[in-house]
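*Asks:* A structural model of the following input is requested.
(one chain, ligands or ions: 1)
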Amino acid sequence: ADYPSDWWKPADEQTAPKWEILPQSAKPGEVILSKRTELGVFSNLSKAPFTLDGISYASIEGLWQGMKYPDPTLANDERSKVTGWPNTRAQVYLMSSWESKTAGNVANQIYKDHNLKFITYFDRRFMYNDGKEGSQFHLELITRAIRAKVMQNPEIKALLLKTAGLNLKPDHQMSEDSLPSYKYHEILEKIRAELLKDKAL
Ligand SMILES: Nc1nc(O)c(N)c(N[C@@H]2O[C@H](COP(=O)(O)O)[C@@H](O)[C@H]2O)n1
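*Replies:* Just a heads-up that it's a prediction; the model follows:
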């Protein structure tokens, strides 16, 4: 296949942040979903509006991090008793890029300080890092959200199909034993396979 060479355009290693995996790190048959190229749109952080279960989000990260914030529609949300939230849940839903990631980092500190464990999606309360049913629910939810992002943004869907034949790799350091919901590149490969199967029918 004829892929744009820009997807592998080398970036300066000296000035790159420590977390980053650069486009030139791809092995044969791979491409890095680098924020330095058009493929950065596949990052959870990228601004790519979608609606899921009747709620609108500006990015996957907006949903991911928003679930840590108090939900005013829930009775007895233990997080509502805690002060110091810099944003409302609704505001985080509409964030993207580093703004949403930072909102998540602040929430992580509040969780630590107040020994909070659960996040919520509508009335489902779960621990997304438990490696059990909470993580499974989270994976299914994030997969549905990434699918909605792809299907509701035709240019993103077309770009995903353009990567057919390449293994997708993250542009940030991630350990092999990261929970599956963190592996957005594998979720995207699964969605791409579904799309290609539909096309072949
Ligand atoms: N550097 C970087 N680039 C991205 O594109 C990312 N998506 C991330 N990390 C994301 O942070 C979220 C997890 O945060 P918590 O572990 O819940 O604090 C998740 O979306 C990661 O993919 N980092």
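*Asks:* could you use CA atoms for every contact and neighbour count after this?
*Replies:* Noted.
*Asks:* quick one: contacts for Phe137?
*Replies:* Neighbouring residues of Phe137 by CA atoms under 8 Å, 6 or more residues apart in numbering: Tyr128.
*Asks:* now swap in the one 10 residues further on and tell me
*Replies:* Contact criterion CA under 8 Å, 6+ apart gives Leu188, Ile191 as the residues in contact with Arg147.
*Asks:* and the gap between it and Arg125?
*Replies:* 22 Å (CA to CA, to the nearest Å).
*Asks:* repeat for Glu194
*Replies:* Distance from Glu194 to Arg125, by CA to CA: 29 Å.
*Asks:* quick one: Trp19 and His172 touch, right?
*Replies:* Yes. Look at Trp19 against His172 with CA atoms under 8 Å: they come within range, at 5.3 Å.
*Asks:* and the residue most central in space within the chain, what pLDDT?
*Replies:* With distances taken as CA atoms, centre = their mean, Asn44 lies nearest the centre of the chain, 2.9 Å away. With respect to pLDDT, Asn44 scores 98.
*Asks:* quick one: secondary structure of it?
*Replies:* coil (DSSP: H, G, I helix; E, B strand; the rest coil).
*Asks:* circling back: have a look at Trp19 and His172 and say which one is more surrounded.
*Replies:* Neighbour totals were compared for Trp19 and His172, and His172 leads with 17 against 10 (other CA atoms under 10 Å).
*Asks:* ok, now how distant is that one from the ligand?
*Replies:* 5 Å (CA to the nearest ligand atom, to the nearest Å).
*Asks:* show me what contacts that residue?
*Replies:* Neighbouring residues of His172 by CA under 8 Å, 6+ apart: Trp19, Glu20, Ile21.
*Asks:* pretty sure the residue nearest to the centre of the chain contacts Leu63?
*Replies:* No. The criterion here is CA under 8 Å, and Asn44 misses it with Leu63 at 9.6 Å.
*Asks:* from the chain's centre, how far out does the lengthiest helix in the chain sit?
*Replies:* Longest helix in the chain by number of residues (criterion: DSSP state H): helix 133-152. Put simply, helix 133-152 sits 9 Å off its chain's centre (CA atoms, centre = their mean, to the nearest Å).
*Asks:* the helix or strand that that helix is followed by relative to helix 133-152, how many degrees between them?
*Replies:* Next along the chain after helix 133-152, taking DSSP states H and E as the criterion, comes helix 154-162. Orientation check (axes from the mean of the first three to the mean of the last three CA atoms, to 10 degrees): helix 154-162 against helix 133-152 gives 100 degrees.
*Asks:* so is the following helix or strand past helix 154-162 next to the ligand?
*Replies:* Once helix 154-162 ends, the next helix or strand along the chain (criterion: DSSP H and E) is strand 167-169. No. Counting by CA under 6 Å from any ligand atom, the ligand is not contacted by strand 167-169; separation bottoms out at 11.1 Å.
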